[in-house]
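Chemist: give me the fold of what follows.
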Amino acid sequence: MAIRFYLLPKIGDGLTFATAFRPAYVSDGGIVGRYTAIDYGKEVWMLVGADVTGAEHTAIVAHTDVTAVPANLDDTVGGALSTVQTKLELANLPADWVTSGMTWRTVVKWTIRILLLMQRFRGLLSSAARFFATVTLDSTVGDLSALVRQRFITAAASFGLTTTGITLGMTIRAALILLGQQMTFSVVFQGETV
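Modeler: Purely as a prediction, here's the structure:
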């Protein structure tokens, strides 16, 4: 068995233990090993670190809505740059910061930073709809309602991040990148330090 990382859909409605948010294709008997998952707030995606067999990995990546991170996190993105950027953008995760010389470990770390920020946002505004229900990464911060904008700033401040550079005319993409750059802490995710 080996630890592998995946960006995949989130299932469940989160209303009961039986319908808790969980990763598709991994939970509910998809693998026999352990897994750790971080969801993207109320968005429909999760980053999962899972201890999988070769057969389980093959079964997971057979789904077209799964993005698998290569096994060696210290390899560089290289020629997969365009694919990685496309997959992240489809999940409403800004990807223009990813470069071909960047390691997969760095990509996972940055992705976790954005996921954690949006989890905090969800915690502050749990009754709200999905953050990206009516906006895109290319929408501006000014396109957010005043309440959503305030909770977004509060979520950032709760991590000790400065929001002074965020303006109403800035894209949500740029705001997320600006905040992600300030999140310099390491995270241990499924036993891997990223």
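Chemist: just the element for residue 15, please.
Modeler: Under the criterion DSSP states H and E, no helix or strand holds residue 15.
Chemist: next SSE after the strand ranked longest in the chain?
Modeler: Counting by DSSP state E, the longest strand found in the chain is strand 2-11. Sequence order places strand 22-23 as the next helix or strand after strand 2-11, per DSSP H and E.
Chemist: from the contact counts, what lies against that following strand?
Modeler: Secondary-structure packing of strand 22-23 (3 or more CB pairs under 8 Å, 6 or more residues apart in numbering; DSSP states H and E): strand 2-11, strand 35-39. Glycine gets a C-beta too; all of them are placed from N, C-alpha and C.
Chemist: do a quick rundown of the strands in this structure.
Modeler: 2-11, 22-23, 35-39, 45-52, 67-69, 188-189, 192-193.
Chemist: list the buried ones in the fifth one?
Modeler: Burial within strand 67-69, assessed by neighbour count using 16 or more other CB atoms under 10 Å, is assigned to 67, 69.
Chemist: mind putting the strands of the chain into TSV with mean pLDDT?
Modeler: Below are the strands of the chain laid out as TSV (pLDDT from 0 to 100):
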stretch	mean pLDDT
strand 2-11	96
strand 22-23	95
strand 35-39	94
strand 45-52	96
strand 67-69	96
strand 188-189	88
strand 192-193	86
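Chemist: nearest spatial neighbour of residue 65, chain-adjacent residues omitted?
Modeler: Spatial nearest neighbour of residue 65, excluding adjacent residues (CB to CB, 6 or more residues apart in numbering): residue 9 at 5.5 Å.
Chemist: residue 124 too?
Modeler: Closest residue to residue 124 apart from its sequence neighbours, by CB to CB, 6+ apart: residue 151 at 4.5 Å.
Chemist: count of residues packed around the one you found?
Modeler: Counted by other CB atoms under 10 Å, the residues lying close to residue 151 total 20.
Chemist: swap in residue 35?
Modeler: 20.
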